[in-house]
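Visitor: below is the sequence, then the predicted model.
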Amino acid sequence: MKKFFLLFASVLLIAAFISLAVANSKKSEPRKFSTTVTLEISSEEDEIKNQVYSYISRELRSLGDVQLLEDNSVWFMKNNSEWVIQIVAGLQENKAGRIIGVVISSVILKPTLRDRTFHLFIVSKALKGEYDEKLWQELFEQLRTSCIVYDHEIRSGSPEDLQSICKGIVAKFDSKCLKESRKYDQQLWKQFNKLREEQSAKEKDNGPKDD
């Protein structure tokens, strides 16, 4: 049982869910949502690659609750990014070699163990006492390098449309992915507090009795 709760706590810590400030805050205060994003942008043209990074990162920061982490090829092991946005940017040329358009492919991924709905599932199971230590350990190991594909789309337009295309990608990410994440974050925090209260009550009941 102790190993399960240690394992469960480690997942929440990896997800940056528990911090000292939050743990010491009053329960009546609403929990402030925050998340992390890694941007992976590739293109044969450095200019469009830099432009896309600039536009996308600017829009993400403007959301107010997103922190950008450095890109690396093994993000699911080396950083704590909750989301990964992979973008491939290309240019369209006519027969004369003149650039007439841009094409942007975007994929939104999330490491499974960082998914808040998965955390909510774990907490719900723990609250019901439905857990098996060996099973959970096997499950976490299997999911350690897996990810969920939340969205994939291709957008195109003229070179002048590049900034608006990038804005559209972030707007969709915010409304489709972060909106859901914010909701589950609050639910998870309530469930975690309930679990913590139940554990505290059990510890008091099992404590030394006065003669």
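Guide: Good, I have the coordinates.
Visitor: can you give me the strands for the chain?
Guide: 35-42, 66-69, 83-93, 99-111, 147-157 (DSSP state E).
Visitor: ok, now which ones touch residue 105?
Guide: Contact analysis of residue 105 by Cβ atoms under 8 Å, 6 or more residues apart in numbering lists 87-89, 152-154. No exception for glycine: its C-beta is placed from N, CA and C like everyone else's.
Visitor: mind redoing it with 10 Å?
Guide: Residue 105 is in contact with 42, 86-90, 152-156, counting by Cβ atoms under 10 Å, 6 or more residues apart in numbering.
Visitor: show me the beta-bridge partners of residue 37.
Guide: residue 68, residue 83 (DSSP bridges).
Visitor: and for it, the neighbour number?
Guide: 23 (other Cβ atoms under 10 Å).
Visitor: could you number the chain from 251 rather than 1 from now on?
Guide: Yes, from this point I'll number from 251; that puts the last item at residue 287.
Visitor: OK, contacts around it?
Guide: 306-307, 310-311, 313, 316-319, 331-335, 358, 420, 423, 427-428 are the contacts of residue 287 under Cβ under 10 Å, 6+ apart.
Visitor: ok, now with 8 Å
Guide: Residue 287 touches 310, 316-319, 331-335, counting by Cβ under 8 Å, 6+ apart.
Visitor: pull out the buried residues from those residues.
Guide: 310, 316, 318-319, 331-335 (16 or more other Cβ atoms under 10 Å).
Visitor: still on that earlier bit, where's the dip in pLDDT among the contacts of residue 287?
Guide: pLDDT across the contacts of residue 287 is lowest for residue 331, at 81.
Visitor: thinking again about what came up before, tabulate the strands of the chain (CSV), appending distance to residue 374.
Guide: Output for the strands of the chain, formatted as CSV (distance: least, Cβ to Cβ, whole Å):
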stretch, distance to residue 374
strand 285-292, 21
strand 316-319, 27
strand 333-343, 23
strand 349-361, 19
strand 397-407, 18
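Visitor: let me know which of these is the nearest to residue 435.
Guide: strand 285-292 (8.4 Å; Cβ to Cβ).
Visitor: now do that closest one against strand 349-361, angle only.
Guide: Going by axes from the mean of the first three to the mean of the last three Cα atoms, to 10 degrees, strand 285-292 is angled at 140 degrees with respect to strand 349-361.
Visitor: any idea of the pLDDT on residue 394?
Guide: 70.
Visitor: distance check, it against residue 453.
Guide: Distance from residue 394 to residue 453, counting by Cβ to Cβ, to the nearest Å: 31 Å.
Visitor: between those two, which one's more packed in?
Guide: Each of residue 394 and residue 453 has its neighbours counted (other Cβ under 10 Å); residue 394 has more, 12 against 9.
Visitor: separation between the more buried one and residue 364?
Guide: 11 Å.
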